[in-house]
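[1] Let's see this in three dimensions:
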Amino acid sequence: MNPMPELGKVLLVIGLVCAGIGLLLMVGPRIPFLGHLPGDIVIRKGNFVFYFPLATCILVSLALTLLFSLFRR
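    The predicted structure is shown next:
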């Protein structure tokens, strides 16, 4: 039993995930509504800014869940 085909598949998936993350980091700032949805929490007090993108996290989580469920079938 040769483990090389299994290792090749794992490395391919890791590479695709890294490429996808890189693509999101490149294209993400160009999407105007991402990070500025109603439900994203921003607190500004003097020099301090606290930002928690709650609605954006929920939207991205939902999209990834649907995407992964489609690929699982």
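[2] switch to C-alpha atoms for all contacts and neighbour counts from now on
    Fine.
[3] how about the residue most central in space within the chain, secondary structure?
    Compute the mean C-alpha point of the chain, and by C-alpha atoms, centre = their mean the closest residue is Val60, 6.3 Å away. Put simply, Val60 is helix when judged by DSSP: H, G, I helix; E, B strand; the rest coil.
[4] residues in contact with the longest helix along the chain?
    In the chain, taking DSSP state H as the definition, the longest helix is helix 4-27. Around helix 4-27, nothing counts as a contact under C-alpha atoms under 8 Å, 6 or more residues apart in numbering.
[5] chain center to the helix or strand following it, what's the gap?
    Once helix 4-27 ends, the next helix or strand along the chain (criterion: DSSP states H and E) is strand 41-45. Taking C-alpha atoms, centre = their mean, to the nearest Å, one finds strand 41-45 lying 23 Å from the centre of the chain it belongs to.
[6] swap in stretch 5-23?
    When distances are taken as C-alpha atoms, centre = their mean, stretch 5-23 is centred 15 Å away from the chain's centroid.
[7] Using CSV, write out every CA atom in that stretch.
    Taking Å, rounded to 0.1, in the frame of the first residue of the first chain, the C-alpha atoms of stretch 5-23 are listed here in CSV:
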residue,chain,number,x,y,z
PRO,A,5,-1.3,9.2,-3.7
GLU,A,6,-3.0,10.1,-0.4
LEU,A,7,-0.2,12.6,0.5
GLY,A,8,-0.5,14.1,-3.0
LYS,A,9,-4.3,14.7,-2.5
VAL,A,10,-3.7,16.3,0.9
LEU,A,11,-0.9,18.6,-0.5
LEU,A,12,-3.2,19.6,-3.4
VAL,A,13,-6.0,20.5,-1.0
ILE,A,14,-3.7,22.5,1.2
GLY,A,15,-2.4,24.4,-1.8
LEU,A,16,-5.9,25.2,-3.1
VAL,A,17,-6.9,26.4,0.4
CYS,A,18,-3.8,28.7,0.5
ALA,A,19,-4.5,30.0,-3.0
GLY,A,20,-8.1,30.7,-2.0
ILE,A,21,-7.1,32.6,1.1
GLY,A,22,-4.6,34.6,-0.9
LEU,A,23,-7.3,35.4,-3.5
